[in-house]
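**Q** starting from these lines, generate the structure:
(one chain, ligands or ions: 1)
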Amino acid sequence: PKDVGILAIDIYFPPSCVQQEALEAHDGASKGKYTIGLGQDCMAFCTEVEDVISMSLTVVTSLLKKYQIDPKQIGRLEVGSETVIDKSKSIKTWIMQIFEVHLFGKLVEYGNTDVEGVDSTNACYGGTAALFNCVNWVESSSWDGRYGLVVCTDSAVYAEGPARPTGGAAAIAMLIGPNAPFAFESKYRGTHMSHVYDFYKPNLASEYPVVDGKLSQTCYLMALDACYNLYCSKFEKFEGKQFSISDSDYFVFHSPYNKLVQKSFARLYFNDFLRNTSAVEKDAKEKLEPFSNLIGDESYQSRDLEKVSQQVAKTLYDAKVQPSTLLPKQLGNMYTASLYAAFASVIHNKHKTLVGQRIVMFSYGSGLTSTMFSFKLQEGQHPFSLPNIASILNVSEKLERRHVVPPEKFVETLKLMEHRYGAKDFETSRDTSLLTPGTFYLMKVDSMYRRHYARK
Ligand code: ACO
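**A** Coordinates of the predicted model:
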């Protein structure tokens, strides 16, 4: 198969959100800390009727329906998530309900249970692992000609404190196959994996992670440097010429919060300066020269370097990164879905001009796992054409439909969810007033911890 990649993409996020400006005031943080300091506008969150399973059921149903894909055409389904609802039963098995159609307790003939794949977990990287598994499958000798389907679903919630404003929630579904408008440039992958304790979830009784915020920022940037250098050297090996940020039209980053994305692009720019590429102009070179001798850790700690590199990279940031920031700024960190929501933002903003262009992606999952990879863009055949994908994503309308909740209500919901996490024998309010028709929601968890969902 040729040009294997992403054929179609859909996103679902909960209708409830809290404004960062209001949260800032509520938390007693200094004015501007969340909005300018972290660069965030708004944060989506699941109320008690939604979770990572309901969101993934909703987004998969939506994608199959809007692209008129018969569930029988799916041969592999991979889920990326770091939200633990069950230590054994995968989220993938939940989604199988859409494929195996039961009628009066019997499996009817047109059901499809011949679907490979399970869940992948490592912080925010699981979605990328799932995506690679599907792409590799389509490119392999075990491919049976059907589509792959990738689901990234997470609800990111933090304990009270400085990390709380960096939560978020969403689910993404991506259809994988040949002749894709977003074709993988598989030869140029750069991966960096290492053992660190920057963000982890050792407390199985709690949904909240243990996080060393400062360390996680440095790990992220170090991983970015490592992946970028590998990506560049692989590109150079195959293309016989140097890679620089001029060679890609967009850079899409895993986005815990926007400030880190700004710093990341500045970091790529600094790398291009150190590698002496033509992307860095003369006056920028002069401004960065004083930092050229910073070695190792020093360069991650230098506030001056951070400031200067962000300033000289600003014009390129606006052109190559800003179009990817819409959904991450509006929804917050969606963990595994975060990178792909940023990717969806580029499609939303730029679908008219993408043909022939390149998008470089950086995936990061604490612990840590990271990869830089890229897509080459093509027209795509109906229904997988760029304008159709953008119109099905329907980003503006989905954002406008949201309901802004006061911080008190958000905090109250999180408190309730702390009690509900890992609990059994409870019913939810079944309040679906904010949900659009077709959305799945949680009704109850029974005495055997079995979860029961319904569809509005
Ligand atoms: N106006 C404008 N800017 C402000 C203000 C203000 N009133 N107050 C603070 N700031 C700036 C700070 O200068 C800082 O920006 P800088 O880094 O450019 O200097 C920024 O706001 C954040 O302030 P800090 O004091 O650094 O924030 P704090 O340490 O309290 O928390 C953190 C930030 C560490 C990101 C925390 O939210 C966290 O731990 N989040 C979860 C971890 C995370 O997301 N890590 C990213 C990679 S791993 C992953 O994806 C989970």
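**Q** just the pLDDT at the residue of the chain found nearest the ligand, thanks.
**A** Residue nearest to the ligand within the chain (CB to the nearest ligand atom): residue 37, separated by 2.1 Å. All C-beta spots, glycine's among them, are computed from the backbone N, C-alpha and C. What the model reports for residue 37 is a pLDDT of 98.
**Q** quick check, pLDDT for the residue lying closest to it once chain neighbours are set aside.
**A** Excluding its sequence neighbours, the residue lying closest to residue 37 (CB to CB, 6 or more residues apart in numbering) is residue 259, at 6.6 Å. At residue 259, the pLDDT value in this model is 98.
**Q** for the helix or strand harbouring residue 259, name the packing helices and strands.
**A** Secondary-structure element containing residue 259, defined by DSSP states H and E: helix 258-274. The elements that helix 258-274 packs onto, with contact taken as 3 or more CB pairs under 8 Å, 6 or more residues apart in numbering; DSSP states H and E, are helix 213-239, strand 250-253, helix 282-288, helix 303-312, helix 314-320, helix 326-331.
**Q** correct me if wrong: the residue nearest to residue 37 contacts residue 34.
**A** No. Between residue 259 and residue 34 no contact is recorded; they are 10.0 Å apart, counting by CB atoms under 8 Å.
**Q** ok, the two, which is more surrounded?
**A** Under the neighbour definition other CB atoms under 10 Å, residue 259 and residue 34 were set side by side, and residue 34 has more, 26 against 16.
**Q** make JSON lines out of the helices and strands packed on helix 258-274 and add mean neighbour count.
**A** Written out in JSON lines, the entries for the helices and strands packed on helix 258-274 read as follows (neighbours: other CB atoms under 10 Å):
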{"stretch": "helix 213-239", "mean neighbour count": "18"}
{"stretch": "strand 250-253", "mean neighbour count": "26"}
{"stretch": "helix 282-288", "mean neighbour count": "14"}
{"stretch": "helix 303-312", "mean neighbour count": "16"}
{"stretch": "helix 314-320", "mean neighbour count": "16"}
{"stretch": "helix 326-331", "mean neighbour count": "26"}
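**Q** quick one: check stretch 361-380 for contact with the ligand.
**A** Yes. Stretch 361-380 lies within reach of the ligand by CB under 6 Å from any ligand atom, at residue 366.
**Q** now that stretch: buried residues?
**A** When neighbours are counted by 16 or more other CB atoms under 10 Å, the buried residues of stretch 361-380 are found to be 361-378, 380.
**Q** and for stretch 48-65?
**A** When burial is assessed from 16+ other CB under 10 Å, stretch 48-65 yields the following buried residues: 48-64.
**Q** can you check stretch 142-149 too?
**A** Residues of stretch 142-149 classed as buried by neighbour count (16+ other CB under 10 Å): 143, 146, 147, 148, 149.
**Q** now stretch 202-210
**A** Neighbour-count burial for stretch 202-210, with 16+ other CB under 10 Å as criterion, is recorded at 207, 208, 209.
**Q** can you narrow the residues you listed to ones near the ligand?
**A** Checking the buried residues of stretch 202-210 against the ligand by CB under 6 Å from any ligand atom, not one of them is in range.
**Q** ok, residue 223 touching residue 366?
**A** No. Residue 223 sits out of contact with residue 366 when judged by CB under 8 Å, with a separation of 9.6 Å.
**Q** in helices only, show me the buried residues of stretch 48-65.
**A** Residues of the buried residues of stretch 48-65 located in helices (DSSP state H): 52-64.
**Q** in JSON lines: the residues you listed, plus pLDDT and distance to the ligand.
**A** Shown next, in JSON lines, are these (pLDDT from 0 to 100; distance: CB to the nearest ligand atom, whole Å):
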{"residue": "52", "pLDDT": "98", "distance to the ligand": "16"}
{"residue": "53", "pLDDT": "98", "distance to the ligand": "21"}
{"residue": "54", "pLDDT": "98", "distance to the ligand": "23"}
{"residue": "55", "pLDDT": "98", "distance to the ligand": "19"}
{"residue": "56", "pLDDT": "98", "distance to the ligand": "20"}
{"residue": "57", "pLDDT": "97", "distance to the ligand": "25"}
{"residue": "58", "pLDDT": "98", "distance to the ligand": "24"}
{"residue": "59", "pLDDT": "98", "distance to the ligand": "21"}
{"residue": "60", "pLDDT": "97", "distance to the ligand": "24"}
{"residue": "61", "pLDDT": "96", "distance to the ligand": "28"}
{"residue": "62", "pLDDT": "97", "distance to the ligand": "26"}
{"residue": "63", "pLDDT": "98", "distance to the ligand": "25"}
{"residue": "64", "pLDDT": "96", "distance to the ligand": "30"}
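**Q** just give me the closest of those to residue 295.
**A** Of all those, residue 52 has the smallest distance to residue 295: 42.1 Å, by CB to CB.
**Q** show me what contacts the closest one?
**A** For residue 52, the residues meeting the contact criterion (CB atoms under 8 Å, 6 or more residues apart in numbering) are 81, 83, 85, 91, 153, 154, 155, 171.
**Q** could you redo the last one with a cut-off of 7 Å?
**A** 81, 83, 85, 91, 153, 154, 155 (CB atoms under 7 Å, 6 or more residues apart in numbering).
**Q** ranking these by neighbours, who comes first?
**A** Counting neighbours by other CB under 10 Å, the top entry in the contacts of residue 52 is residue 153, with 34 neighbours.
**Q** for it, identify the helix or strand it belongs to.
**A** Using DSSP H and E, the secondary-structure element containing residue 153 is strand 147-156.
**Q** tell me which parts of the stretch 201-350 of the chain are close to the ligand?
**A** Contacts of the stretch 201-350 of the chain with the ligand, taken as CB under 6 Å from any ligand atom, map to 211, 213, 216, 217, 220, 256, 259, 260, 333.
**Q** tell me the two of these that are most distant?
**A** In those, the most distant members under the criterion CB to CB are 211 and 259, with 16.1 Å between them.
**Q** helix or strand: which one has residue 136?
**A** Here residue 136, judged by DSSP H and E, is contained in helix 126-138.
**Q** which neighbours in the sheet does the strand holding residue 153 have, and how are they oriented?
**A** Strand pairing for strand 147-156, determined by DSSP bridges: strand 74-80 (parallel), strand 168-177 (antiparallel).
**Q** I'm done for today, thanks for sticking with me.
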